[in-house]
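predicted model follows, preceded by the sequence.
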Amino acid sequence: MNFSRSFNNWRKYRQTVTELGRMTNRELHDLGIDRSDINRVAREASSR
């Protein structure tokens, strides 16, 4: 169970990093996210 949960959290983290990384600085700014915050935002999203 723990492995499965960890793997799913990792997949969600990677997906979020990839999606945010593809956005332009302007799109990120519109969301209130700085490019340097992508990893933090992805970590928070994957732990929900």
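Sure, I can see it. Remember, it's a predicted structure, so these values are computed and weren't measured experimentally.

so what pLDDT did residue 48 get?
pLDDT for residue 48: 82.

can you check residue 1 too?
63.

and residue 33, helix, strand or coil?
Three-state call for residue 33 (DSSP: H, G, I helix; E, B strand; the rest coil): coil.

what's the closest non-adjacent residue to it?
Distances taken as Cβ to Cβ, 6 or more residues apart in numbering place residue 41 nearest to residue 33, at 5.8 Å, with adjacent residues excluded. Where you see a C-beta, it was placed from the backbone N, CA and C, and this is true even at glycine.

that neighbour against residue 16, yeah?
Yes: Residue 41 lies in contact with residue 16 (Cβ atoms under 8 Å); the separation is 6.9 Å.

hmm, who's touching the helix or strand harbouring residue 26?
Taking DSSP states H and E as the criterion, residue 26 maps to helix 25-31. Contacts of helix 25-31 with the rest of the structure, by Cβ atoms under 8 Å, 6 or more residues apart in numbering, involve 20, 23, 34, 35, 38.

how about the helices of the protein, start to end?
Here the chain has its helices, by DSSP state H, at 2-22, 25-31, 38-46.

what about residue 25, how many neighbours?
10 (other Cβ atoms under 10 Å).

actually residue 20, not the one I wrote
Count around residue 20 with other Cβ under 10 Å applied: 19.

so it sits against residue 34, correct?
No: contact status for residue 20 versus residue 34: not in contact, 10.6 Å apart, counting by Cβ under 8 Å.

follow-up on the earlier one: of all the contacts of helix 25-31, which two lie farthest apart?
The most widely separated members of these are 23 and 34, with 11.6 Å between them, by Cβ to Cβ.

ok, the two, which is more surrounded?
residue 23 (15 against 12).

against residue 40, how distant is the more buried one?
For residue 23, the distance to residue 40 (Cβ to Cβ, to the nearest Å) stands at 15 Å.

for residue 33, same thing?
9 Å.

more crowded one of those two?
Remark: of residue 33 and residue 40, residue 33 carries more neighbours, 16 against 11, as counted by other Cβ under 10 Å.

hang on, that one packs against residue 42?
No: between residue 33 and residue 42 there is no contact under Cβ under 8 Å: 10.3 Å.
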